[in-house]
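Visitor: Sequence plus predicted model, see below.
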Amino acid sequence: MVQEQYVTTTQGGGGGGGGGVVRPLPDHVYKIGIYGWRKRCLYLFVLLLIIILIVNFALTIWILRVMWFNSDGMGLLHFHSDGVKLEDGESEFLLPLYAQEIHSREDSSLRVHSTENVSLNARDDDGDVTGRISVGPREARGDTPNLLISSHNDNMLLSADGEQTVIGPGKLRVTGPEGALFQHSVEVPVLRSELFKDLTLESPTRSMSLNAPKGVHMKALAGNIEAASMDIILQSSIGLLVLDAETVRMPSLPLSEEGVPGNPQGLFEVCVCPSGKLFLSKAGVTSTCSEDQDC
């Protein structure tokens, strides 16, 4: 507390006295500083700031300790000039991840896990999605104009677009117990079965046709060729229909009642009607076929 005192001088009166009389005045005290409740509030505010500073410093040390921050990165995650490298462990991304390339370690595989689905999107310069692959708990779906699958030596394995699907390898193998199901036509240069297994072509409710501009060749070198249907039509628009075999058997041809009775040799003649129907007739010296009987 600073005290200031003021002294005043007054003029004396009468008798020619010229001397002044010095008379002290009452003291005036002025208090300079912060006192009372203001002082207590200031000290409390300073104490609160110190506590907040200590708590923040402790939280910072705790975060650095838990997240394993170091000069190279954060724990097992290291930052290099060529990208980000995760030495070991698992990474969880809560928001979208944008990266040019993602590689696994040389001695391990790359795994991506999700409780819902995993989506990979390709975007153009405008940000529009041009390709998408989504793997969910119930289905895996891909949306892209062209699909191309290649081997390690850049040989095309599968190519598909909106018009056609091309399989690169020389052999397509279907291992399902019911084979392959085609709803429309199939165009193949060669159709064969596996070794020591039969090849079966079936159409349970509709007809089946085999067409080729230069002929249809069916070969069974170690087995039989069987065709079962209500009607089997073998037609050649230009040329001949040739059955080339050591033995051609037609065991179920109908037998005509006409012919030479009592043929001792048991010989029969194969007759052909104008409609193409075949039937048997007992052989004689001349033809015994009768059009009126079986045609």
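Guide: Received it, and whenever you're ready, just let me know what you need. Numbering: from 1, shown residues only.
Visitor: Just the pLDDT at the nearest residue to residue 74 once chain neighbours are set aside, thanks.
Guide: Of all residues beyond its chain neighbours, the one nearest residue 74 is residue 67 (5.5 Å), with distances taken as CB to CB, 6 or more residues apart in numbering. Heads up, the C-betas are built off the backbone N, CA and C, glycines and all. Model confidence at residue 67, given as pLDDT, is 75.
Visitor: Tell me if I'm right that residue 67 and residue 61 touch.
Guide: No - the pair residue 67 / residue 61 is not scored as a contact, 11.2 Å apart, by CB atoms under 8 Å.
Visitor: Show the subsequent helix or strand relative to the helix or strand harbouring residue 84.
Guide: Assigned by DSSP states H and E, residue 84 falls within strand 83-86. Heading C-terminal from strand 83-86, the first helix or strand you meet, by DSSP H and E, is strand 118-123.
Visitor: Report the strands that pair with the strand holding residue 84, each with its relative direction.
Guide: The pairing partners recorded for strand 83-86 under DSSP bridges are strand 77-80 (antiparallel).
Visitor: Check the average confidence over the partner strand, would you?
Guide: 72.
Visitor: ditto for stretch 83-95
Guide: For stretch 83-95, the mean confidence score works out to 71.
Visitor: How far does that stretch stretch from one end to the other?
Guide: With CA to CA, to the nearest Å applied, stretch 83-95 spans 19 Å between its terminal residues.
Visitor: Use 39 as the first number for this chain going forward.
Guide: Sure, I'll start numbering at 39, so the last one becomes stretch 121-133.
Visitor: ok, residue 119 - contacts?
Guide: For residue 119, no residue meets the contact criterion (CB atoms under 8 Å, 6 or more residues apart in numbering).
Visitor: How much space separates it from residue 279?
Guide: Counting by CB to CB, to the nearest Å, the gap from residue 119 to residue 279 is 76 Å.
Visitor: what do you get for residue 159?
Guide: Counting by CB to CB, the gap from residue 159 to residue 279 is 59 Å.
Visitor: same deal with residue 249?
Guide: From residue 249 to residue 279 the distance is 15 Å (CB to CB).
Visitor: And residue 162, by the same measure?
Guide: Per CB to CB, residue 162 is found 59 Å from residue 279.
Visitor: With residue 157 instead?
Guide: For residue 157, the distance to residue 279 - CB to CB - is 59 Å.
Visitor: Kindly report the same for residue 213.
Guide: For residue 213 relative to residue 279 (CB to CB), the value is 37 Å.
Visitor: same question, residue 313
Guide: 16 Å.
Visitor: Likewise for residue 195?
Guide: Distance of residue 195 to residue 279, computed by CB to CB: 41 Å.
Visitor: Compare neighbour counts for these two and give me the winner.
Guide: residue 195 (12 against 7; other CB atoms under 10 Å).
Visitor: That one: what secondary structure?
Guide: strand (DSSP: H, G, I helix; E, B strand; the rest coil).
Visitor: helices and strands of this structure: which one bottoms out on pLDDT?
Guide: Sorting the helices and strands of the chain by mean pLDDT, DSSP states H and E puts strand 40-42 at the bottom, at a mean of 47.
Visitor: Which residue lies nearest the spatial centre of this structure?
Guide: residue 171 (4.0 Å; CA atoms, centre = their mean).
Visitor: Looking at strand pairing, list the partners for that residue.
Guide: Beta-bridge partners of residue 171, as defined by DSSP bridges: residue 158, residue 180.
Visitor: In this model residue 157 seems to touch it, though I could be wrong.
Guide: Yes - with contact defined as CB under 8 Å, residue 171 and residue 157 form a contacting pair (7.1 Å).
Visitor: pLDDT of stretch 153-162, averaged?
Guide: Stretch 153-162 carries an average pLDDT of 84.
Visitor: So residue 231 is in contact with residue 237, correct?
Guide: Yes - Residue 231 lies in contact with residue 237 (CB under 8 Å); the separation is 3.6 Å.
Visitor: Find the residues that touch each one of these two.
Guide: Common neighbours of residue 231 and residue 237 (CB under 8 Å, 6+ apart) do not exist.
Visitor: count of neighbours near residue 123?
Guide: Residue 123: 14 neighbours (other CB under 10 Å).
Visitor: Tell me how far it lies from residue 143.
Guide: Residue 123 is 9 Å from residue 143, by CB to CB.
Visitor: Just confirm residue 77 is within a helix.
Guide: Yes - according to three-state DSSP, residue 77 belongs to a helix.
Visitor: measure it to residue 84 for me?
Guide: For residue 77, the distance to residue 84 - CB to CB - is 11 Å.
Visitor: Right, I'll leave it there.
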